[in-house]
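Participant: What follows is a predicted protein model with its sequence.
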Amino acid sequence: MDVTPILEPLNEPQRMAVTGNNEPMLIIAGAGSGKTRVLTHRIAWLIKIENLSPHDLLAVTFTNKAAKEMKDRVENLLQMPVHNLWIGTFHGLAHRFLRRHAEDISLDKNFQIIDSDDQLRIIKRLFKNQNLDENRWNPKELQYFINQNKDEGLRPHQINKKNDSDLTQQVNFYKNYQDICDQSDLVDFAELLLRTYELLHNNPNLLNQYRKKFKHLLVDEFQDTNVIQYAFLRLLTGDDGIPFVVGDDDQSIYRWRGAKMEHIDQFQKDFADTRVITLEQNYRSSENILKAANALITNNVTRMPKELWTEDNTGELIQIFAAFNEKEEASFIAGKIQDWEKQGHNRSDVAIIYRSNAQSRALEEALINAALPYKIYGGLRFFERSEIKDALAYLRLVYYRKDDASLERIINKPTRGIGAKNIDLIRGRAKENKTSLWEASIHLIENNPIGKKFSKLNFFVSLINKMRRETDKLDLHNKIDHIIHLSGLIELYEKEKGERGLTRIENLSELISAAKSFESDEEMSELDAFLAHAALEAGDEQASEWEDCVQLMTVHSAKGLEFPMVFMCGMEDGLFPHQRSISNPKNLEEERRLCYVGITRAKELLFLTFAEQRKLHGQDNFSPSSRFIDEIPIELKEEIRSTYHDHSYVNHNIANKKRHLISESPFSIGQRVRHKKFGEGTVLAYEGQGVHARVHVNFENVGTKWLVVSYANLDLL
DNA sequence: CACGCGCGATTTTTT
DNA sequence: ATCGCGCGTG
């Protein structure tokens, strides 16, 4: 067997990891050290050299995207398709276990998955029903409480209430919430994991069967596993399994949602003969960038010692830019990107990353002003859009009548005269009879003591029945198509003003296309697979036509990516590190890791920028520059002076000049104008004066927008 | 039931 | 500054 393609591209420690003997392995993989490469080559090694069937490997990744990428890379490496590899997220794999063995844990085999949004809706409704003190509690907190406990593997009865009345109330709420889900055959994200854990834990035969099957268990992003995920892994590994986990304690940035990098220590205790391999050679960044990252991260007390190194050039110094305010910061960045572009580089080589989403606005304005196309990551994803969720709620109800959450969502959407009063009646009846809302609706129609005619409700029930009748034999996409058209959703969105309704309708037809091209090799009906897919993989963000774009994202979403040129902006104490993390040492260390993640995204050029004055939530803030900048050795940094003479920067010096220039409004209502990005339009309104003057323009192609005159560079036509 | 106003919250995000 | 939500009014 030719091992060359699998081993040749690897360095020595990587090769040791990939060829590791049958012993537990912990790979500590620094940023850019070839973590994914090691995992994919390990899988290829196991299949090709150790002749394991893909079917008997379990590989867990953090996101669906990572799972897909890994599978593709393995196939590429092996030069053949790999079927039946158990690769996916913890949630995806758990879902697979549950579908296979639902009956073993008294779960209806047609259970439906709810996402956090659905979960919050259920919680809100329950919250109201329970007459809880609104000053004391709120639904979001209770949602957090429930998920946190599930993530720790705790059922309500397992929580120590400590005679604490607050805690007791929360636990009761958790229990009531779970009862609702159980009754409607609904499973939330955390429940997928907890149920699967219980499934295996409570069924020794099944567990043994899977332990024998999955001799090798591979885990990516191990530092980000939470308690239940680790417990699941530990359980499935047993005494004979061979775990191969890859992670980087320095890149653990999800502590706030239950990730425990302590699992790295735990792992070495649980598997005493663990072989630890540290990957420190970096293939991404220049030496200066790595030195800065190393220096920064050594300020953390809790970490495994390691130091990234590279054979790459020293590279450029890290550029530090102090701006007057966030606008100057943004236009500085835009200017630098224009220079980069002029040198013949791609815009997509550039990432602007920030600590919090609110920072993107000023950056967007500057980029628009500089006519630089950009893409923001982190918006709503396809299956999270409300129109998509509406359509899927119909589909779910039509095929699974017990799904109360879906019924509640669409019973009066579009409005069909079934208001809050009626819904309360239905809920009451459901409670009395201990049935689903669907059955309660039918019961109400058939037995109404007050002689009330539930004609509207009857219409709704008939509609759902009709949808079922008429779509039963159709293909998935035709089912969805037909249900959407019967639902009245299209007419509803047609009435919505502006672009919005149109987009919604487009998205609905996009949903039908998605169903048409949907393929699944899961062992379940196409319908179930599609619905699970919608819940578990929220899909890409708004599909946009390919364009060479500057990339804007938070530091969190930048993890795993790399760019030749990176701007980290808003490097101020209070923003990064965030105010809410500064006083807690553990949280501060997480902020530092986050900064480390940001720095190590850069391949060639790294800018750290901050603003002395920043408008946040409508208030001016004055913060010192980030302590993280200070933690980078001075010989690696270079301060750029603010070049005030450059007309594109906005600051106090030129504000007067601008004010002078636009003291008289050149805009009258109806004036035709042209914008670099938005195209041509008509002025609708004008307000304010000086640098703050804004103009409302109706653009032919992109709808109406308010623009700040001093930035918009509008041409009069 | 639709609309509109006022109030409060506003770190990070995947599943 | 902005957005979403809840509640009151027409």
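Facilitator: Sure thing, it's come through. Numbering: from 1, shown residues only, chains lettered A, B, ... in the order given.
Participant: Span of stretch A:52-68 from start to end?
Facilitator: 20 Å (Cα to Cα, to the nearest Å).
Participant: For it, list every residue counted as buried.
Facilitator: A:54, A:56, A:57, A:58, A:59, A:60, A:61, A:62, A:63, A:64, A:66, A:67 (16 or more other Cβ atoms under 10 Å). Yep, even glycine has a C-beta here, placed from its N, CA and C like the rest.
Participant: Same question for stretch A:574-583.
Facilitator: So for stretch A:574-583, counting by 16+ other Cβ under 10 Å, buried means A:574, A:575, A:576, A:577, A:578, A:581.
Participant: Please flag which of those sit within strands.
Facilitator: Per DSSP state E, strands hold no members of the buried residues of stretch A:574-583.
Participant: Which of those sits closest to residue A:717?
Facilitator: Comparing the buried residues of stretch A:574-583 against residue A:717 with Cβ to Cβ places residue A:575 closest, at 40.8 Å.
Participant: ok, the closest one to DNA strand B distance?
Facilitator: 9 Å (Cβ to the nearest atom of the strand, to the nearest Å).
Participant: For that residue, report the pLDDT, please.
Facilitator: At residue A:575, the pLDDT value in this model is 95.
Participant: which residues does the residue lying closest to residue A:535 once chain neighbours are set aside bridge with?
Facilitator: Leaving aside its chain neighbours, residue A:535 sits nearest to residue A:113 (3.9 Å; criterion: Cβ to Cβ, 6 or more residues apart in numbering). Here residue A:113 sits in beta bridges with residue A:187, going by DSSP bridges.
Participant: and which of the buried residues of stretch A:574-583 is nearest DNA strand C?
Facilitator: Nearest to DNA strand C among the buried residues of stretch A:574-583, counting by Cβ to the nearest atom of the strand, is residue A:575 at 14.9 Å.
Participant: nearest residue to that closest one other than its sequence neighbours?
Facilitator: Per Cβ to Cβ, 6+ apart, closest to residue A:575 is residue A:355, 5.6 Å.
Participant: and what of residue A:102?
Facilitator: Nearest one to residue A:102, counting by Cβ to Cβ, 6+ apart, is residue A:109 at 4.3 Å.
Participant: State the distance from residue A:365 to residue A:357.
Facilitator: Separation of residue A:365 from residue A:357 (Cβ to Cβ, to the nearest Å) stands at 15 Å.
Participant: Which one of the buried residues of stretch A:574-583 is nearest to DNA strand B?
Facilitator: residue A:578 (3.9 Å).
Participant: and that closest one, what does it touch?
Facilitator: Applying Cβ atoms under 8 Å, 6 or more residues apart in numbering to residue A:578 gives the contacts A:355, A:356, A:591.
Participant: now for the buried residues of stretch A:52-68, which pair is the farthest apart?
Facilitator: Once Cβ to Cβ is applied, the buried residues of stretch A:52-68 give A:56 and A:63 as the farthest pair, at 23.7 Å.
Participant: and the buried residues of stretch A:52-68, which of them are in helices?
Facilitator: Using DSSP state H, the members of these that fall in helices are A:64, A:66, A:67.
Participant: Could you list which of these also contact DNA strand B?
Facilitator: Checking those against DNA strand B by Cβ under 7 Å from any atom of the strand, the ones in range are residue A:64.
Participant: how about a markdown table for the ones in helices among the buried residues of stretch A:52-68, with distance to residue A:185 and pLDDT added?
Facilitator: Output for those, formatted as a markdown table (distance: Cβ to Cβ, whole Å; pLDDT from 0 to 100):
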| residue | distance to residue A:185 | pLDDT |
| --- | --- | --- |
| A:64 | 24 | 92 |
| A:66 | 30 | 93 |
| A:67 | 26 | 94 |
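Participant: Residue A:380: which of the ones in helices among the buried residues of stretch A:52-68 is nearest?
Facilitator: residue A:64 (16.8 Å).
Participant: so what's the closest one closest to, chain neighbours aside?
Facilitator: residue A:537 (4.6 Å).
Participant: Sketch out the low-pLDDT regions of the stretch 301-450 of chain A for me.
Facilitator: Applying pLDDT under 70 to the stretch 301-450 of chain A picks out residues A:449-450.
Participant: where's the closest residue to DNA strand C within it, which helix or strand?
Facilitator: Residue nearest to DNA strand C within the stretch 301-450 of chain A: residue A:361 (7.3 Å; Cβ to the nearest atom of the strand). Here residue A:361 sits within helix A:360-369, counting by DSSP states H and E.
Participant: which helices and strands sit right next to the first helix or strand past that helix going along the chain?
Facilitator: The helix or strand immediately downstream of helix A:360-369 is strand A:374-376, counting by DSSP H and E. Strand A:374-376 sits against helix A:360-369, strand A:550-554, with contacts defined as 3 or more Cβ pairs under 8 Å, 6 or more residues apart in numbering; DSSP states H and E.
Participant: I'd like to know which of these lies nearest to residue A:267.
Facilitator: The nearest among the helices and strands packed on strand A:374-376, by Cβ to Cβ, is strand A:550-554 at 28.9 Å.
Participant: Identify each buried residue in the helix or strand just after that closest one, please.
Facilitator: Next along the chain after strand A:550-554, taking DSSP H and E as the criterion, comes helix A:555-558. By 16+ other Cβ under 10 Å, the buried positions in helix A:555-558 come out as A:555, A:556, A:558.
Participant: Look up how far residue A:339 lies from the residue nearest to residue A:295 when sequence neighbours are not counted.
Facilitator: With Cβ to Cβ, 6+ apart as the criterion, residue A:295 has its nearest non-adjacent residue at 5.3 Å, and that residue is residue A:633. As judged by Cβ to Cβ, residue A:633 and residue A:339 stand 27 Å apart.
Participant: what does residue A:148 give?
Facilitator: Residue A:148 sits 47 Å away from residue A:339, going by Cβ to Cβ.
Participant: Having no further points to raise, I will conclude here.
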